[in-house]
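> Just the structure for this:
(one chain, ligands or ions: 2)
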Amino acid sequence: MQEIVKSIQNIALQIAEELKYADFGYTDHHNSTGDTQLKLDVKSDAIIEAEFRKNPLVRALISEEKDEILTLREDARLIVAYDPLDGSSLVDVNFAVGSIFGIYEDEISPTNLKAAIYCIYGPRLEMVVCEDAPKLYRLNREGKFSFVKDLRLQQKGKLNATGATQKGWSEPHRKLVRALFDEGYRLRYSGAMVSDLHQILLKGGGLFSYPATSDHPQGKLRVTFEVLPFAFIFERAGGATSDGANGSLLQLKIEKIHQSSPCFFGSKYEIAKMHEIYGEKN
Ligand code: AHM
Ligand code: MG
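Ligands and ions are numbered 1, 2, ... in the order given. Sure thing, here's the model as predicted:
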């Protein structure tokens, strides 16, 4: 996995540089989810593809910005699924954004997920690498990523981050959000899942949810390169996850590379609370 981490470090340095100076206007193209691609989405995708083309361990790439799986070589085992620039529509307002990577062996399924890595481009350049447990690294003055600490969630947090338009929320979701605020939770939601989940991990707990809504019953966030990598990290940090109906996100079945799922990531307390409220007869 060290070779993959090295490739992602090179990627992070290049994308961070682009973010500082490049044009962040729109292209004339849409990706498979229907979003208009920003020049920075396309540029970040190209940086990642070029870097993994040099890595002999990578067989194929699945990207938010590519309609199909891209095979690089047949004699390797790893498939890297990635969101090149999560939260890219927030670059114009200068918020922190990120890149997310799921490293799968042989095929795309939760049990074949061997590592999850994300980079966050904020005031500092940071990277979380998770195989057995998530570890935080930060770029130092010498231009190297140095280890900062292990990330561990407490049983219960204080933050509540929930996405999608409220007019499309279900009754159980409204109740859950209300219940957490009534317990004293604070609202935190930037609109970039990397930043919002990073905040919950670093502050020790809380709930991030992107629920099913009336207009998007399968939610918005994509399973292979957004939901599963973060589910892997949260569960290995001592937290829990759910799709809102069947339990852990790490039990999802993958049918299409761009499929989405409702998703909940948190400490154990908030996920239990979610099951309690979603399970009630309404
Ligand atoms: P993106 O990958 O096109 O940037 O979209 C994903 C983002 C997530 O980072 C974030 O949690 C969500 O979309 C925000 O959506 P909404 O504004 O509907 O809450
Ligand atoms: Mg994204």
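
> Next, count neighbours for the nearest residue to residue 1 once chain neighbours are set aside.
Closest residue to residue 1 apart from its sequence neighbours, by C-beta to C-beta, 6 or more residues apart in numbering: residue 115 at 5.4 Å. To be clear about C-beta, it is placed using only N, CA and C from the backbone, and glycine gets the same treatment. By other C-beta atoms under 10 Å, 22 other residues sit near residue 115.

> thought residue 115 was touching residue 8?
No: taking contacts as C-beta atoms under 8 Å, residue 115 lies outside contact range of residue 8: 10.0 Å.

> helix or strand for residue 146, which one?
strand 145-150 (DSSP states H and E).

> Okay, the spatially closest residue to residue 89 that is not a sequence neighbour and residue 100: tell me how far apart.
Ranked by C-beta to C-beta, 6+ apart and with sequence neighbours excluded, the top spatial neighbour of residue 89 is residue 38, at 7.1 Å. Residue 38 is 16 Å from residue 100, where distance means C-beta to C-beta, to the nearest Å.

> Comparing the two, which shows the higher neighbour count?
residue 100 (28 against 21).

> Return the distance of the helix or strand encompassing the more buried one from the chain's centre.
According to DSSP H and E, residue 100 maps onto strand 97-105. On the basis of C-alpha atoms, centre = their mean, to the nearest Å, strand 97-105 sits 7 Å off its chain's mean C-alpha point.

> any idea of the mean pLDDT for the helix or strand hosting residue 82?
Using DSSP H and E, residue 82 sits in strand 78-86. Averaged over strand 78-86, pLDDT sits at 98.

> And for stretch 214-232?
The model assigns stretch 214-232 a mean pLDDT of 97.

> what's the weakest-modelled helix or strand in the protein?
strand 26-30 (a mean of 77; mean pLDDT, DSSP states H and E).

> Strand partners (parallel or antiparallel) of that strand?
Within its sheet, and counting by DSSP bridges, strand 26-30 is paired with strand 36-38 (antiparallel).

> Point out the residues in the stretch 51-200 of the chain that sit beside ligand 1.
Applying C-beta under 6 Å from any ligand atom, we find that the stretch 51-200 of the chain lies next to ligand 1 at 64, 83, 86-88, 163-164, 191-193.

> Go again with 5 Å.
Residues of the stretch 51-200 of the chain lying near ligand 1 by C-beta under 5 Å from any ligand atom: 86-87, 163-164, 191-193.

> All the strands of the stretch 51-200 of the chain, residue numbers only.
Here the stretch 51-200 of the chain has its strands, by DSSP state E, counting those that start in this stretch, at 58-63, 70-71, 78-86, 97-105, 113-121, 125-130, 134-139, 145-150, 159-162, 186-187.

> Output the contacting helices and strands for the fifth one.
In other words, strand 113-121. Applying 3 or more C-beta pairs under 8 Å, 6 or more residues apart in numbering; DSSP states H and E, one finds that strand 113-121 makes contact with helix 2-21, strand 97-105, strand 125-130, helix 193-203, helix 228-236.

> Residue nearest the middle of the protein, spatially speaking?
residue 226 (3.8 Å; C-alpha atoms, centre = their mean).

> and that residue, what does it touch?
Residues counted as contacts of residue 226 (C-beta atoms under 8 Å, 6 or more residues apart in numbering) are 64, 83, 86, 100, 193.

> can you do 10 Å?
Applying C-beta atoms under 10 Å, 6 or more residues apart in numbering, we find residue 226 in contact with 64, 81-83, 86, 100, 102, 118, 193-194, 197, 210, 220, 260-261, 263.

> How is it assigned, secondary-structure-wise?
Under DSSP: H, G, I helix; E, B strand; the rest coil, residue 226 falls in the helix class.

> I'd like the distance between it and ligand 1.
In this structure, residue 226 and ligand 1 are 7 Å apart, going by C-beta to the nearest ligand atom, to the nearest Å.

> and the residue nearest to residue 250 when sequence neighbours are not counted, what is it in contact with?
Once flanking residues are discounted, residue 250 sits nearest to residue 110: 4.3 Å by C-beta to C-beta, 6+ apart. Contacts for residue 110 (C-beta under 10 Å, 6+ apart) come out as 102, 104, 223-224, 227-228, 231-232, 248-254.

> give me the residue from the stretch 101-250 of the chain nearest ligand 2.
residue 226 (5.2 Å; C-beta to the ion).

> That residue and residue 150: what is the separation?
23 Å.

> Residue 125 is in contact with residue 97, correct?
No: counting by C-beta atoms under 10 Å, residue 97 does not reach residue 125; the two are 11.7 Å apart.
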